[in-house]
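# Take this sequence and fold it.
(one chain, ligands or ions: 1)
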Amino acid sequence: MNTAGNPEKARRWLEEARSRTPHHSDGSILGSMTTAPHPIGVEAFKEFIHVNGNDPVIYPVVEEASRILIEGVGALLGAEHGIHTSGGTESNILALYIGRRISRGRENTVVAPSSVHRSIDKACLLMGCRLVKIPVDPLKPVDPGVLEEYVRKHKPFAVVVTAGTTEAGVVDPVKEAGEIAEEHGVFLHVDAAYGGLLIPFLHRRGYLAEDLRMYPGVSSISVDMHKNGCAPIPSSILFLSRRDYIEEACFEMEYMPRGRSCGLLGTRPGGAVIAAAAVFMTIGAKGYEENAVRMMENALYLHENLSHLPMITSYKPILPLNVFKSTIYTYEELFKALLDRKLYVYKSPSLQALRVVVMPHVEKAHLDRLINALKSIHGV
Ligand code: 0PR
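You can find the predicted model right below:
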């Protein structure tokens with residue numbers, strides 16, 4: 001066997017792989033909560049690709065970037081403290097880990113509506129905690145009264161609500177959940193991985209009644225920069241209501257320059273933090289607001305068009321996320337038919353439906369292609 005390196009072969013493989021890998025700009029990626037990273041982010045990520053984000057002594061720029069992000073995004077949510085992570089899953093795991101560390105005299109249980117993201121199941125599996133799910137209509141937020149009943153009954157150490165659910169874009173009642181958490185002394189984590197950079201803007205512009213803030217009783221909020229923040233993957237922020245909560249996420253490591261390391265990962269892409277900060281600075285809060293409005297208008301445009309198709313049921317979008325189903329095909333069949341046409345939508349199994357997430361890269365022309373494909377599949 002020839003064990004010599006083969007740069008030519010590697011290049012050929014890369015080239016071939018490039019030609020079959022979809023790009024956000026081609027309009028086929030319609031259901032994924034990812035988007036084309038802003039060019040300044042790509043530039044920064046490349047420039048700082050060698051930077052280990054776990055080494056603030058050699059690379060103080062990572063802490064600088066983290067501060068820029070926490071201050072900038074935090075200002076939108078009334079949050080001051082936070083930690084940069086590698087994505088929504090890490091933020092959720094870390095939030096529950098912190099919640100359990102600070103809990104006293106509570107059960108090893110987490111309570112969350114059934115619409116919660118699967119990374120919460122994952123966190124509980126990893127931490128050995130019990131996840132009690134409140135059955136909810138996937139199109140509706142959890143009822144605060146029911147949430148309180150569950151908290152009374154199960155005495156959880158943490159409650160998780162979602163500000164922008166994965167399958168329907170539903171916004172749970174964060175303010176009321178905060179009141180319940182405060183009264184019962186429970187850690188409340190708000191998963192705003194998807195909605196964090198949409199809700200404050202859509203609320204201000206009159207598209208949404210709910211707002212998102214670090215309300216009293218809220219302990220943490222996660223916001224993904226690699227979703228609506230237009231930053232390269234991987235990038236998320238876990239905001240915490242108290243500075244000392246960050247300490248709970250720090251681990252002793254004598255051999256590290258500072259003797260410790262905070263967050264779940266060890267060596268981590270510092271370039272991603274720097275890139276996210278550069279993107280945030282470039283777009284600015286005003287730019288994110290304009291993006292959010294454009295995305296919402298596009299989602300309403302899609303809903304309007306789908307509502308006119310005889311064999312499609314379309315639900316009015318709450319955030320820029322459209323859920324629809326066919327009256328003649330199962331959602332699995334429709335998923336497959338769209339996949340065959342190289343249109344990548346996602347599934348909302350809890351609604352037996354498909355979803356389109358109108359991310360910053362999605363244009364009306366891309367949605368028109370989808371509408372036409374649905375017409376052709378249904379023979380109209
Ligand atoms: N919380 C919520 C509400 C989410 O929607 C997601 C991701 C997460 C947490 C976890 O975030 P990370 O994926 O950053 O860890 N939801 C998307 C989903 O499950 C993730 C995704 C995105 C999956 C793009 C596939 C894909 O192509 O659909």
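# Can you give me every residue that contacts residue 342?
Residue 342 is in contact with 22, 28, counting by Cβ atoms under 8 Å, 6 or more residues apart in numbering. Yep, even glycine has a C-beta here, placed from its N, CA and C like the rest.
# what's across from the residue in the stretch 201-350 of the chain that the ligand sits nearest to in the sheet?
Distance from the ligand to each residue of the stretch 201-350 of the chain (Cβ to the nearest ligand atom) is smallest for residue 224, at 5.3 Å. Taking DSSP bridges as the rule, residue 224 bridges to residue 236.
# Likewise for residue 344?
residue 29.
# just to revisit the earlier point, in terms of pLDDT, where does the residue of the stretch 201-350 of the chain closest to the ligand sit?
Each residue has a pLDDT score; the one for residue 224 is 98.
# Near it, how many other residues are there?
28 (other Cβ atoms under 10 Å).
# Report the contact partners of it.
Shown in contact with residue 224 (Cβ under 8 Å, 6+ apart): 33, 87-88, 91, 193-194, 196, 235-237.
# For those residues, name the two members farthest from one another.
Largest separation among those by Cβ to Cβ: 33 and 237, giving 15.7 Å.
# And the two? Which one has more around it.
Each of residue 33 and residue 237 has its neighbours counted (other Cβ under 10 Å); residue 237 has more, 29 against 18.
# can I assume residue 222 is in contact with residue 195?
No. The pair residue 222 / residue 195 is not scored as a contact, 10.3 Å apart, by Cβ atoms under 8 Å.
# ok, and what's touching stretch 64-76?
79-84, 196-197, 200, 223, 225, 229, 237, 239, 270, 273-274, 276-278, 280-281, 285.
# One more pass at 7 Å, please.
By Cβ atoms under 7 Å, 6 or more residues apart in numbering, the residues outside stretch 64-76 that reach it are 80, 82, 84, 200, 223, 237, 239, 273-274, 276-277, 280-281, 285.
# could you dump stretch 105-125 to PDB, C-alpha only?
The C-alpha coordinates for stretch 105-125 follow below in PDB (Å, rounded to 0.1, in the frame of the first residue of the first chain):
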ATOM      1  CA  GLY A 105     -32.600  21.300  47.500                       C
ATOM      2  CA  ARG A 106     -34.300  20.800  44.200                       C
ATOM      3  CA  GLU A 107     -35.000  17.600  42.300                       C
ATOM      4  CA  ASN A 108     -32.600  16.500  39.500                       C
ATOM      5  CA  THR A 109     -35.300  17.400  37.000                       C
ATOM      6  CA  VAL A 110     -35.800  19.900  34.200                       C
ATOM      7  CA  VAL A 111     -39.200  21.000  33.100                       C
ATOM      8  CA  ALA A 112     -39.800  22.200  29.500                       C
ATOM      9  CA  PRO A 113     -42.600  22.400  27.000                       C
ATOM     10  CA  SER A 114     -42.600  19.500  24.500                       C
ATOM     11  CA  SER A 115     -41.600  22.000  21.800                       C
ATOM     12  CA  VAL A 116     -38.100  22.400  23.300                       C
ATOM     13  CA  HIS A 117     -35.100  21.700  21.100                       C
ATOM     14  CA  ARG A 118     -33.600  18.200  21.200                       C
ATOM     15  CA  SER A 119     -30.300  19.500  22.600                       C
ATOM     16  CA  ILE A 120     -32.100  19.800  25.900                       C
ATOM     17  CA  ASP A 121     -32.800  16.000  25.800                       C
ATOM     18  CA  LYS A 122     -29.200  15.600  24.900                       C
ATOM     19  CA  ALA A 123     -28.100  17.800  27.900                       C
ATOM     20  CA  CYS A 124     -30.300  15.800  30.300                       C
ATOM     21  CA  LEU A 125     -28.900  12.500  28.900                       C
END
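# residues of that stretch that come out buried?
Using 16 or more other Cβ atoms under 10 Å as the test for burial, stretch 105-125 gives 106, 109-113, 115-117, 119-120, 123-124.
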